[in-house]
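A.B. asks: return atomic coordinates for the entry below.
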Amino acid sequence: MPWTITKDFIADPDARQPSNANAVGMVGPRNAKLTAAEIIAHPQGRTFRMKDGDGEVYYEGIMVITDDDGDEAEFRPLDDFGKPNAGATDIEYQRADGSWEMI
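C.D. replies: Numbering: from 1, shown residues only. As a prediction, the model looks like this:
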């Protein structure tokens with residue numbers, strides 16, 4: 001269940017990537033076996049975004065979820081990175097029609 005951040009809407013533009021201050025290219029969890037490019041190109045990749053309680057979008061990214069990952073897998077980017085790094089509280093996944101579904 002690897003994930004990567006593709007857009008950081010709260011980034012420090014002077015910070016190196018990937019870092020906590022500019023998360024573009026960040027990959028998780030720490031033991032992920034795929035690179036950011038491999039996650040983005042993966043056929044099972046799903047686009048997600050993380051937001052705060054006021055609805056401000058902090059991050060957007062791609063996560064690879066397989067049937068073996070379990071029910072809580074969709075929360076991993078939020079739990080691994082969004083909450084501890086920026087206080088994000090919600091994660092949504094993009095549907096095929098382009099709309100967003102909160103998990």
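
A.B. asks: can we go C-alpha only for contacts and neighbour counts from here?
C.D. replies: OK.

A.B. asks: next, Ala96: secondary structure please.
C.D. replies: At Ala96, secondary structure determined by DSSP: H, G, I helix; E, B strand; the rest coil is coil.

A.B. asks: any regions of the protein where pLDDT drops low?
C.D. replies: Residue ranges of the chain with pLDDT under 70: none are present.

A.B. asks: which element is the residue lying farthest from the centre of the chain on?
C.D. replies: For the chain, the residue at maximal distance from the C-alpha centroid (Cα atoms, centre = their mean) is Asp14, at 21.2 Å. Secondary structure from DSSP states H and E places Asp14 outside every helix and strand.

A.B. asks: from Gly87, how far out is it?
C.D. replies: Shown here: Asp14 relative to Gly87, a distance of 21 Å by Cα to Cα, to the nearest Å.

A.B. asks: for the residue most central in space within the chain, which non-adjacent residue is closest in space?
C.D. replies: With distances taken as Cα atoms, centre = their mean, the residue of the chain nearest its centroid is Gly61 (4.1 Å). Leaving out its chain neighbours, the residue that sits closest to Gly61 by Cα to Cα, 6 or more residues apart in numbering is Ile5, at 4.1 Å.

A.B. asks: contacts only, for that neighbour.
C.D. replies: Contact analysis of Ile5 by Cα atoms under 8 Å, 6 or more residues apart in numbering lists 23-27, 59-62.

A.B. asks: now do the contacts for the residue nearest to the centre of the chain.
C.D. replies: Applying Cα under 8 Å, 6+ apart to Gly61 gives the contacts 3-7, 47-49.

A.B. asks: ditto for Met1
C.D. replies: By Cα under 8 Å, 6+ apart, the contact set of Met1 is 29, 32, 63-66, 69, 73, 76.

A.B. asks: try 6 Å this time
C.D. replies: 64-65 (Cα atoms under 6 Å, 6 or more residues apart in numbering).

A.B. asks: what's the distance between it and Arg16?
C.D. replies: Met1 sits 25 Å away from Arg16, going by Cα to Cα.

A.B. asks: ditto for Glu38
C.D. replies: 21 Å.

A.B. asks: picking that back up, so which strand or helix has the residue nearest to Gly61?
C.D. replies: Per DSSP H and E: strand 3-8 holds Ile5.
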